[in-house]
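With the input below, show me the fold.
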Amino acid sequence: DFKGVSNASKKALNTLVSSTFLNEDSGASALEGDDDSDLDENELDVFRRAEVGKLFNMVDRDGSGLIDECEFSQLLENLGRQLPKEDIHEGFARLDTDSSGYIDFEEFYAWAYPVKS
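Numbers count the residues shown, from 1 in each chain. From the prediction side, this is the model:
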């Protein structure tokens, strides 16, 4: 569970989950609006990676550096999302862009901050 996890972190994870499972895709980052406008691009990237890293580590329960489907399912359950296994699998597969069976940090980061085309 997420005892001791800040409300801001829960909200960020809820926003990411909503962007995946509720098709709430505005074309912008799921975490848009959390940036400090005084930062240059490199500083902004460092800031974003640190923030996303905190979220990633909360989901990566075993500390392996990878999120498996069980950990992903646990994330959804902890956020109060009761979804059919097929939907969880489909959502996980969308994030596991290299089809490795795991979501690594770069895939998780791309979920939070998709590349704008």
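
For stretch 70-86, C-alpha coordinates in CSV please.
Written as CSV, here are the backbone C-alpha positions of stretch 70-86 (Å, rounded to 0.1, in the frame of the first residue of the first chain):
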residue,chain,number,x,y,z
CYS,A,70,2.4,-7.7,-10.7
GLU,A,71,3.8,-4.4,-9.4
PHE,A,72,1.9,-2.5,-12.0
SER,A,73,-1.3,-4.3,-10.9
GLN,A,74,-0.5,-3.5,-7.3
LEU,A,75,-0.1,0.2,-8.2
LEU,A,76,-3.6,0.2,-9.7
GLU,A,77,-5.1,-1.6,-6.7
ASN,A,78,-3.4,0.8,-4.3
LEU,A,79,-4.9,3.7,-6.2
GLY,A,80,-8.4,2.1,-5.9
ARG,A,81,-8.6,1.1,-9.5
GLN,A,82,-10.4,-2.2,-9.9
LEU,A,83,-9.8,-3.3,-13.5
PRO,A,84,-10.2,-6.6,-15.3
LYS,A,85,-6.9,-8.5,-15.7
GLU,A,86,-7.2,-8.0,-19.5
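
gap between Asp68 and Leu75?
11 Å (CB to CB, to the nearest Å). Just so you know, the C-beta spots here come from the backbone N, C-alpha and C atoms, and that holds for glycine as well.

what about the two, which has more around it?
With neighbours defined as other CB atoms under 10 Å, Asp68 and Leu75 compare such that Leu75 has more, 21 against 17.

Test my guess that that one contacts Val17.
Yes. Between Leu75 and Val17 there is a contact under CB atoms under 8 Å: 7.4 Å.

Look up the pLDDT of the residue of the chain most remote from its centre for me, please.
Here the centre of the chain is the reference, and by CA atoms, centre = their mean the most remote residue is Asp38, at 24.7 Å. For Asp38, the model assigns a pLDDT of 73.

Could you do Asp60 as well?
97.

Which residue is the nearest non-sequential neighbour of it?
Ile67 (5.3 Å; CB to CB, 6 or more residues apart in numbering).

helices and strands around the helix of greatest length in the chain, which ones?
When the chain is parsed with DSSP state H, its longest helix is helix 41-59. The contact analysis (3 or more CB pairs under 8 Å, 6 or more residues apart in numbering; DSSP states H and E) places helix 41-59 against helix 7-21, helix 69-78, helix 105-112.
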